[in-house]
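K.L.:
missing the sequence, but the structure's below:
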């Protein structure tokens, strides 16, 4: 992506990465239930589909998102098996992030995202836009992430459905984080910490503090760190601390640039689609 390459090469990209890691960790701290229920890539993907297709339905651009429809599309997007996606929808319903509403035909029910879910996705977009603002001026719409969210989700979901390709397939280095609750939040935090250390130096990790702030157990954090070490992302040292594999560290920084680029492109597209 051209925009990702531009952001990645910007002299302030390291500062933007620090800002992004801090922003996302703050969102996790402030939204315990969302972080625990949605903070895993398959759950996040299914939640995003609910919000995306509900928005299209409300705008008269598509059918009402039912459980059967979303299960089929989530399978197409590579988010899991029918049974696994059903379990994710059950979690979203159980925690009140999604509710059901009757349709006129009375034969099926529409899935409707609750405000906390939409607010959580909007906060994540705002975190990316805030970090991207360090890399150049953004359209005025960047100050209205709720307005940009439908465009952002369209740019996220449409390629996913068309290519059946999750980000972890484009970046296999994400695997130790993708399937674990709080994995991505931990990844971005570690990337931010690494920007504040000399290149190649050990990056100290406070497992207990991270577990508290991410609302997971110390064992969960330790498991993610161990899985990443086994995958060759880094070597572990006493402290505890990590030393990154330079090539993989470069790739994961590029993934962060792609995340920022998606947000900036959505803001730009939002302006382009606005009536004159």
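P.N.:
Done, it's in. These numbers come from a predicted model, not from an experiment.

K.L.:
just the helices in the protein please.
P.N.:
2-9, 13-30, 32-38, 41-58, 67-76, 82-94, 115-132, 145-163, 167-170, 175-178, 183-195, 207-214, 218-230, 246-273 (DSSP state H).

K.L.:
closest one to residue 103 among those?
P.N.:
The closest of these to residue 103 is helix 41-58. By C-beta to C-beta, the value is 10.4 Å. The way it works is simple: take the backbone N, C-alpha and C, and place the C-beta from them, glycine included.

K.L.:
just checking, residue 91 touches residue 37?
P.N.:
Yes. Residue 91 lies in contact with residue 37 (C-beta atoms under 8 Å); the separation is 5.7 Å.

K.L.:
where are the low-confidence patches of this structure?
P.N.:
Along the chain, segments meeting pLDDT under 70 span 106, 141-142, 163-169, 272-276.

K.L.:
go again using 50 as the cut-off
P.N.:
275-276 (pLDDT under 50).

K.L.:
which residue of it sits farthest from its center?
P.N.:
Using C-alpha atoms, centre = their mean, the residue of the chain lying farthest from its centre is residue 105. It sits 35.2 Å away.

K.L.:
tell me if I'm right that residue 264 and residue 10 touch.
P.N.:
No. If you go by C-beta under 8 Å, residue 264 and residue 10 don't touch, sitting 11.4 Å apart.

K.L.:
counting neighbours, go ahead and name the busier of these two.
P.N.:
residue 264 (24 against 17; other C-beta atoms under 10 Å).

K.L.:
any idea how far residue 39 is from residue 250?
P.N.:
25 Å (C-beta to C-beta, to the nearest Å).

K.L.:
looking at these two, which one has more neighbours?
P.N.:
Shown here are residue 250 and residue 39; by other C-beta under 10 Å, residue 39 has more neighbours (23 against 12).

K.L.:
contacts only, for that one.
P.N.:
28, 181, 182, 183, 184, 185, 214 (C-beta atoms under 8 Å, 6 or more residues apart in numbering).

K.L.:
which two in those are spaced the farthest apart?
P.N.:
Spanning the widest gap among the contacts of residue 39 are 28 and 183, at 11.5 Å by C-beta to C-beta.

K.L.:
wait, doesn't residue 253 sit right on residue 8?
P.N.:
Yes. Residue 253 lies in contact with residue 8 (C-beta under 8 Å); the separation is 7.1 Å.

K.L.:
neighbour count winner among those two?
P.N.:
A direct count of neighbours by other C-beta under 10 Å for residue 253 and residue 8 places residue 8 higher, at 20 against 17.

K.L.:
neighbours of the residue nearest to that one when sequence neighbours are not counted, just the number please.
P.N.:
Among residues not flanking residue 8 along the chain, residue 257 sits closest, at 3.9 Å (C-beta to C-beta, 6 or more residues apart in numbering). Residues within reach of residue 257, counting by other C-beta under 10 Å, total 24.

K.L.:
now do the one 4 residues further on
P.N.:
Applying the criterion other C-beta under 10 Å, we find 21 residues in the vicinity of residue 261.

K.L.:
can I assume it is in contact with residue 7?
P.N.:
Yes. The pair residue 261 and residue 7 qualifies as a contact (C-beta under 8 Å) at a distance of 5.6 Å.

K.L.:
ok, back up a step: so who does the residue nearest to residue 8 touch?
P.N.:
If you count contacts by C-beta under 8 Å, 6+ apart, then residue 257 has 4, 5, 7, 8, 13 around it.
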